[in-house]
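> when you get a sec, could you give me coordinates for this:
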Amino acid sequence: LSLHIGPQGLVLASGSSSKFPVPAEQDVLNGVETFISWPESASSGGRPPAALLLFHGCSNSGADWFRKPEEIQFLRAAQRRGLALLAFTTPVHLGNFCWPSPGGEKGDEDFE
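Next up is the predicted model:
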């Protein structure tokens with residue numbers, strides 16, 4: 001399954017493949033690298049009860065949630081509970097891939 005922006009908003013489409021141990025579709029939505037993984041129930045028309053939003057730490061990316069051992073264990077536990085998984089990579093950083101904090105680093109004006 002994959003997520004795309006259509007005329008009516010976000011659209012779920014089938015036919016995805018993945019290069020990660022926990023299958024995820026990689027896309028860029030509004031300039032933000034995004035990784036989406038749907039629970040098994042979504043492939044049969046079921047709706048997940050919730051989505052787990054995943055923000056990476058400094059010197060990492062959203063993809064790291066789907067390829068690092070400890071993170072994979074965490075994601076598989078969430079999938080067993082039927083949750084959709086949504087990870088992001090920060091679009092604005094100073095080369096360190098840290099999420100900006102208001103007033104924390106030069107260049108954060110974009111988020112005020």
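> so what's the most centrally placed residue in the chain up against?
A centroid search over the chain (C-alpha atoms, centre = their mean) returns A87, at 1.8 Å, as the residue closest to the centre. Contacts of A87 were listed using C-beta atoms under 8 Å, 6 or more residues apart in numbering, and they are 24, 34-36, 53-56, 62-63, 65-66. Every C-beta, even on glycine, is put in place using the N, C-alpha and C of the backbone.
> same check on S61?
So S61 contacts 33, 89, 97 (C-beta under 8 Å, 6+ apart).
> F20 versus that one, what's the distance?
Counting by C-beta to C-beta, to the nearest Å, the gap from S61 to F20 is 12 Å.
> check A87 too.
Taking C-beta to C-beta, one finds A87 at 10 Å from F20.
> the helices in this structure, which residues?
Using DSSP state H, the helices assigned to the chain run over residues 40-43, 69-80.
> so for the shortest one, what gets flagged as buried?
Buried residues in helix 40-43, counted by 16 or more other C-beta atoms under 10 Å: A42.
> low-confidence stretches in this structure?
Low-confidence segments of the chain, defined by pLDDT under 70, are located at 1-18, 94, 103-112.
> hmm, back to that, nearest to S44 among the contacts of S61?
Within the contacts of S61, proximity to S44 (C-beta to C-beta) peaks at E33, which comes in at 28.5 Å.
> ok, for that closest one, nearest residue in space, not its chain neighbours?
Using C-beta to C-beta, 6 or more residues apart in numbering and skipping residues adjacent in sequence, the residue nearest E33 is T89, 3.9 Å away.
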